[in-house]
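Engineer: Mind folding the following:
(one chain, ligands or ions: 2)
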Amino acid sequence: MRPDILNPLFADITALQGVGPKIAAMISRVAGSRVVDLILTPPAGLIDRSARPKIAEAPFGQLATLTVAVDRHDAPPTGTRRPYRVICSDETGFLTLVFFHARADYLKRVLPEGETRIISGKVEEFKGGRQMTHPDHIADPEKPEELPLFEPVYPLTAGLSAAVMRKAMLGALARAPELPEWQDTAWLDQKGWADWQSALRQVHGPTSDADLSPMRVARQRLAYDELLANQLALALIRKARKKSAGRAINGDGKKLAAIKVALPFDLTDAQRKALKEVFDDMRAPERMVRLLQGDVGSGKTVVALMAMIAAVETGAQAVMMAPTEILVQQHLEWLTPLCNAVGVSIEILTGRDTGASRREKLARIANGDADIVLGTHALFQETVTFKDLALVVVDEQHRFGVHQRLALSEKGPRPDILVMTATPIPRTLALTAYGDMEVSAITEKPPGRKPVDTRTIPLNRLDDVVAAVKRAADKGDQVYWVCPLVEESELIELTAAEDRFEALKPAFGDSVGLVHGRMSGAEKDAVMERFHEGALSVLIATTVIEVGVNAPNATVMVIEHAERFGLAQLHQLRGRVGRGEKPASCLLLYKHPLGETAKARLQILRETEDGFRIAEEDMRLRGAGDLLGAAQSGFPRFRLADVAVHGDLLAAARDDAKLIIERDAGLETDRGKALRILLYLFSRDDAVKLLRAG
Ligand code: ADP
Ligand code: MG
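Structural biologist: Ligands and ions are numbered 1, 2, ... in the order given. From the prediction side, this is the model:
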């Protein structure tokens, strides 16, 4: 149970003054729905009103805070469109305050004639004089605290004003309790870090742009808290798993030997190395939880197959889960002849299976007739039971959350788990996302792959691109055409794809297809299948193109507004072509002119097809937060830490977590108890639960 001391932070934001359901909905969009979500959202900018000139010295076009005498109200005659004016002055000159659609009674109250007021806003030039339209603040000089000279700026959304957000934030910060120190005091001294509450106030009270930097001392402290919570939670999960013994998988090696003969190729060195790591884990009595990273096309499937055969060889079962039906079908096509050749039975289960056929399949899985089972999410269902499940393989990990991974692994007596991802991520990031797993990587592609000819082309040469696509289609090649990513709106994204579809129809007729995120799974699958069969030569898609789908005939990848995509994403998309015999190309269409970062990104893509290098560069250019993209689940999203800049803090947090677990595994000491609070603060309740269970 979450400690009471944190309760004020875990209240709904509607508990804050000035936050009703409508405002709460908007704040939820940018920060979250609980008070703690607000306080963990650092300011993204700063409004500096500390300039306090006299009227005559106030620079045009800049923010200024001025102390003025309110001389005279000049109300517009009724029925005119003239604005309401209030004439003010100091000993150096005059300033006119301008209000449109003003309420006279309100202005009379806040700006009483003959009194002095502090006002703040942008100073403008009007007919040689100075004016200020709708001052941001008007304060009584007796109560100067009502006028903040430095205002942090938080992420906003349409309808949510900076002032409302700031007020909510102040309310949230006021609820931040004093908490027992969870960091090691010697470490705090060494770093010169303040306590949590002070650091929190400093981060939310910037007085210069430099204070917004993630390298500021106060921010580092909070970032470290977040990283430590992450690493400690992962360490606890890893420890709990280690304690739970797995099974030693030790077959006679006959089927494995046979499958090696049946394979149409030799394994690459990289595949062999990964496979050895997997087999070592499987043979050990502890449970395997291993991540296999490797670029699209690097040949992960065969590693999974061998692992599954090793499990089946001992008389047990193995399951492999993929995110889409098409992927399951492709795996089935490829695996079936190989499994047949060595006398291993294979079964698939997807959402399409219903009625009697489904019951039969479930029976074969339950009684052990099915050695290897392939499937989609349908495998999670409770009705699916195995006779003796020894290995779980999860393909394209980033599509599944950690919870789904766990749900599947509960279908056997502590089965080994092999997770595969085609999204290479930098080492530091792997620590945060997969710190609970061992990691293998396939860093080399099977021989004979031709490089994809990658070009950048400005969008105004679209006609040339269409002509090139037409030539490819006429030759019988297939083309992917990816439409721009529109972060703000899925709807705009859809419109862009539909427009492109309509524009290409005259040239391509029925051989152009469209697939987008608003379609149902079955609709998507149907279009993808037509492409896979070759019935479509051009496939227009928003970014939903299924990861891992194999269309050997696809030779051209067109990406519109490539500058809007992340590097890793572009790399993933490019990986969809060049899988067959024919030379392939990737056309990155961009809007001219390109910014520096965008230019650098596209350049890297032209230089290399090495996913690991691309991932490192991407992190360097974009920061870690953006790197993973909104679509990927299962990755922690840090609010205060940015592993692109806090890499050394992450390494320290990892060591720290390890030491904590060694010395105080149950988190029972005073520091341990404080660390429990830290875990709850960052919503790692799952990890704390393991403590009690253990
Ligand atoms: P991914 O890592 O993207 O899942 P796959 O396992 O689908 O890659 O493999 C991509 C293609 O490479 C497949 O057609 C597969 O048969 C082929 N392949 C895999 N390993 C080798 C190898 N060692 N030599 C030649 N071809 C290979
Ligand atoms: Mg694959």
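
Engineer: Every contact and neighbour count from this point should use C-alpha atoms.
Structural biologist: Will do.

Engineer: In three-state terms, how would the residue lying closest to Gly32 once chain neighbours are set aside be classified?
Structural biologist: Leaving aside its sequence neighbours, Gly32 sits nearest to Leu38 (Cα to Cα, 6 or more residues apart in numbering; 6.7 Å). Assigned with DSSP: H, G, I helix; E, B strand; the rest coil, Leu38 falls in the helix class.

Engineer: Leu38 against Ala172, yeah?
Structural biologist: Yes - at 6.7 Å, Leu38 counts as touching Ala172 under the criterion of Cα atoms under 8 Å.

Engineer: can you pull the buried residues of stretch 74-94?
Structural biologist: For stretch 74-94, a neighbour-count test (16 or more other Cα atoms under 10 Å) marks 83-90, 94 as buried.

Engineer: before we move on, the earlier item: list the contacts for the residue nearest to Gly32?
Structural biologist: 31-32, 169, 172 (Cα atoms under 8 Å, 6 or more residues apart in numbering).

Engineer: Check Gln220 too.
Structural biologist: When contacts are counted by Cα under 8 Å, 6+ apart, Gln220 touches 214, 641, 646.

Engineer: which of those residues has the most neighbours?
Structural biologist: Neighbour tally across the contacts of Gln220 (other Cα atoms under 10 Å): the maximum, 25 neighbours, falls on Ala641.

Engineer: which non-adjacent residue is nearest that one?
Structural biologist: Distances taken as Cα to Cα, 6+ apart place Ala223 nearest to Ala641, at 4.2 Å, with adjacent residues excluded.

Engineer: Could you point out the helix or strand that follows the helix or strand encompassing that neighbour?
Structural biologist: Per DSSP states H and E, Ala223 falls inside helix 217-243. Sequence-wise, the next helix or strand downstream of helix 217-243 (DSSP H and E) is helix 254-262.

Engineer: Mind listing what's buried along that next one?
Structural biologist: Buried-residue list, helix 254-262, by 16+ other Cα under 10 Å: 255-256, 259.

Engineer: Shouldn't Val98 be within a strand?
Structural biologist: Yes - per three-state DSSP, Val98 lies within a strand segment.

Engineer: Beta-bridge partners for Val419, please?
Structural biologist: Val419 forms beta bridges with Leu291, Val394, as assigned by DSSP bridges.

Engineer: Let me know whether it touches Arg290 as I believe.
Structural biologist: Yes - Val419 lies in contact with Arg290 (Cα under 8 Å); the separation is 6.1 Å.

Engineer: Not counting its neighbours along the chain, what's nearest Ile457?
Structural biologist: Counting by Cα to Cα, 6+ apart, Leu589 is the residue found nearest to Ile457 once chain neighbours are left out, at 4.9 Å.

Engineer: Any idea how many residues pack against the one you found?
Structural biologist: Count around Leu589 with other Cα under 10 Å applied: 22.

Engineer: Could you point out the helix or strand that follows the helix or strand containing it?
Structural biologist: Secondary structure from DSSP H and E places Leu589 in strand 585-590. Note on strand 585-590: by DSSP H and E, the next helix or strand toward the C-terminus is helix 596-607.

Engineer: need the residues of this protein near ligand 1, please.
Structural biologist: Counting by Cα under 6 Å from any ligand atom, the residues of the chain lying close to ligand 1 are 265-268, 294-302, 446, 548.

Engineer: For these, which two are the farthest from each other?
Structural biologist: Farthest pair in those (Cα to Cα) is Asp266 and Gly548. Separation: 21.5 Å.

Engineer: So between these two, which is more surrounded?
Structural biologist: Of the pair Asp266 and Gly548, Gly548 is the one with more neighbours under other Cα under 10 Å, namely 23 against 12.

Engineer: number of nearby residues for the residue in the stretch 101-250 of the chain that ligand 1 sits nearest to?
Structural biologist: Here the stretch 101-250 of the chain gets closest to ligand 1 at one residue, Ile249, 23.2 Å apart by Cα to the nearest ligand atom. Applying other Cα under 10 Å, we find 22 residues neighbouring Ile249.

Engineer: Excluding covalently adjacent residues, which one is nearest to it?
Structural biologist: In this structure, Ile249 finds its nearest non-sequential neighbour in Arg283, 4.7 Å apart by Cα to Cα, 6+ apart.
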